[in-house]
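Undergrad: take a look and give me a structure for this.
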Amino acid sequence: LRRRPHLHRQGVLRRRARGRPEKRACVEQLGRRWRRLRRRPHYIADLEVDAKNAHAWTNLGASGGSCVAGRTFTAKECYVAALEVDPKNARAWNNLGVDGGGCVAGR
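TA: Numbers count the residues shown, from 1 in each chain. Predicted coordinates:
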């Protein structure tokens, strides 16, 4: 079996957070963020093949944005791109609102 150091670190953090609910929530948030960052290259590759993949745009925005096909996208721009492809994408609407809002298709 391959060692997975990120899983080991998460396990250590979880053990340290036992009995402290405020730290437990922080550790869980870090774990979700870490998983998104590890998958970022896959989202970029998906978008280079199919730029109309709303799911990949939303996930790329959730991981903080990145460079796709030579252009840099912020998290907000990723959410807007996802909503231009699929205007009913609830997760993209929610994340765009959390990030401060923005215009989609001139509205």
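Undergrad: what are the ranges of the strands in the protein?
TA: Assigned by DSSP state E, the strands in the chain fall at 66-68, 71-73.
Undergrad: ranking these by mean pLDDT, which is last?
TA: The weakest mean pLDDT among the strands of the chain belongs to strand 66-68, with a mean of 85.
Undergrad: can you tell me what sits against it?
TA: 40, 43-44, 47-48, 51, 60, 72-73 (C-beta atoms under 8 Å, 6 or more residues apart in numbering). (Each C-beta comes from the backbone N, C-alpha and C, glycine too.)
Undergrad: pipe the strands of the chain into CSV and attach mean neighbour count per row.
TA: Formatted as CSV, the strands of the chain follow (neighbours: other C-beta atoms under 10 Å):
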stretch, mean neighbour count
strand 66-68, 16
strand 71-73, 13
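Undergrad: which residues of the protein score low on pLDDT?
TA: The chain contains residues with pLDDT under 70 at 1-37, 107.
Undergrad: which residues in it form helices?
TA: Here the chain has its helices, by DSSP state H, at 5-17, 21-49, 54-62, 75-85, 90-98.
Undergrad: just put the strands of the chain in TSV and tack on distance to residue 82.
TA: Shown next, in TSV, are those (distance: least, C-beta to C-beta, whole Å):
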stretch	distance to residue 82
strand 66-68	12
strand 71-73	11
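Undergrad: looking at those, which is closest to residue 103?
TA: strand 71-73 (15.4 Å; C-beta to C-beta).
Undergrad: elements contacting that closest one?
TA: strand 66-68 (3 or more C-beta pairs under 8 Å, 6 or more residues apart in numbering; DSSP states H and E).
Undergrad: strands paired with the strand it packs on, and their directions?
TA: strand 71-73 (antiparallel) (DSSP bridges).
Undergrad: now rank the contacts of strand 66-68 by neighbours and give me the top one.
TA: The residue in the contacts of strand 66-68 with the most neighbours, by other C-beta atoms under 10 Å, is residue 60 (28 neighbours).
Undergrad: measure the nearest residue to that one once chain neighbours are set aside to residue 69 for me?
TA: Using C-beta to C-beta, 6 or more residues apart in numbering and skipping the chain neighbours, the partner closest in space to residue 60 is residue 43 (4.3 Å). Residue 43 sits 13 Å away from residue 69, going by C-beta to C-beta, to the nearest Å.
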